[in-house]
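Undergrad: Here you go, sequence then predicted model.
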Amino acid sequence: MTGQRILIVDDEPQILRFLRPALTAAGYEIIEAETGKQALALVATAVPDLLILDLGLPDMDGKDVLTQLRSWNPIPIIILSARDREVEKIAALDLGADDYLEKPFGIGELTARIRVALRHKPKAEQVPTTIESGDLRIDLDHRLVTKAGQPVKLTRKEYDLLRLLATHAGRVLTHGTLLKDVWGPAHAQDLQYLRVFIRQIRAKIETDESAPAIILTEPGVGYRFVVV
């Protein structure tokens with residue numbers, strides 16, 4: 001039993017009937033909300049460890065719930081979205097969601113993403129100075145990257161991009177977020193520019209850049225740094 005509490009925010013009874021027993025069996029305590037207002041109240045009063053949020057709610061847009069929560073609470077948030085709402089999904093990630101799943105989805109994939117999100121739940125008292133993934137080590141204090149103990153030479157922008165991904169390990173960062181944070185708002189649409197830099201970084205840190213294990217591509221959305 002994990003003892004961790006998950007708040008499911010969805011007004012579809014079939015989704016709740018599917019998630020409730022599956023996540024309970026996985027050891028989580030489940031609480032539920034059918035509206036955005038209920039969700040906001042429960043985050044404050046029930047203090048869940050993670051939020052599963054549908055974008056389509058009867059009283060308000062799920063992105064508005066996300067925006068309000070992110071103004072005061074760093075709780076991990078996994079978005080549920082329909083396959084034909086990619087624009088909204090990307091907008092939700094840009095607003096601070098940690099991950100997303102498209103409906104329909106499998107419980108195995110959901111529980112795996114829950115574990116990753118909870119593992120990287122922000123802790124105010126713990127500010128990492130090093131991040132490791134396999135034999136890759138990123139020393140944030142000294143801006144030093146090594147692989148199997150050997151220095152990895154990165155340009156300033158390559159390091160800034162890798163650092164941004166690594167400090168949000170497990171979380172999907174959209175193309176727009178990466179471009180704006182590393183290169184500035186004027187480059188928010190330069191997707192090919194981003195792809196070139198990702199390819200360059202993979203060539204330096206991946207064991208097999210043709211089958212990357214550390215920086216994964218989320219097709220049409222962005223990239224995710226994985227601790228392996």
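TA: The structure has been received and is ready for your questions.
Undergrad: so what's the residue nearest the centre of the chain up against?
TA: By C-alpha atoms, centre = their mean, the chain has its centre lying nearest to residue 171, at 2.3 Å. Residues near residue 171 by C-beta atoms under 8 Å, 6 or more residues apart in numbering: 98, 99, 117, 120, 224. Quick note: C-beta positions are derived from backbone N, CA and C, even for glycine.
Undergrad: Return the subset of those residues lying in strands.
TA: Among those, the members found in strands (DSSP state E) are 99, 224.
Undergrad: Just the pLDDT for the residue nearest to the centre of the chain.
TA: On pLDDT, residue 171 comes in at 89.
Undergrad: Lowest-confidence one in the contacts of residue 171?
TA: In terms of pLDDT, residue 120 ranks lowest among the contacts of residue 171, with 73.
Undergrad: Hmm, it is touching residue 169, no?
TA: Yes: counting by C-beta atoms under 8 Å, residue 120 sits close enough to residue 169 to count as a contact (5.6 Å).
Undergrad: shaky segments in the protein?
TA: Where the chain drops to pLDDT under 70, the residues are 1-2, 83-84, 122-127.
Undergrad: rerun at 50
TA: Counting by pLDDT under 50, the ranges of the chain that qualify are 124-125.
Undergrad: list the helices and strands the lengthiest helix in it packs on?
TA: The longest helix of the chain (DSSP state H) is helix 191-205. The helices and strands touching helix 191-205, judged by 3 or more C-beta pairs under 8 Å, 6 or more residues apart in numbering; DSSP states H and E, are strand 144-147, helix 156-166, helix 175-183, strand 215-218.
Undergrad: Please produce a markdown table containing these, extended by distance to residue 67 and mean neighbour count.
TA: Converted to a markdown table, those look like this (distance: least, C-beta to C-beta, whole Å; neighbours: other C-beta atoms under 10 Å):
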| stretch | distance to residue 67 | mean neighbour count |
| --- | --- | --- |
| strand 144-147 | 34 | 18 |
| helix 156-166 | 21 | 19 |
| helix 175-183 | 15 | 19 |
| strand 215-218 | 22 | 16 |
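Undergrad: Please name whichever of the ones you listed is nearest to residue 26.
TA: Residue 26 lies closest, by C-beta to C-beta, to one member of these: strand 215-218, at 23.4 Å.
Undergrad: strands paired with the closest one, and their directions?
TA: strand 222-225 (antiparallel) (DSSP bridges).
Undergrad: residues touching residue 8, list them.
TA: Residue 8 neighbours (C-beta under 8 Å, 6+ apart): 15, 16, 19, 20, 23, 30, 31, 32, 33, 52.
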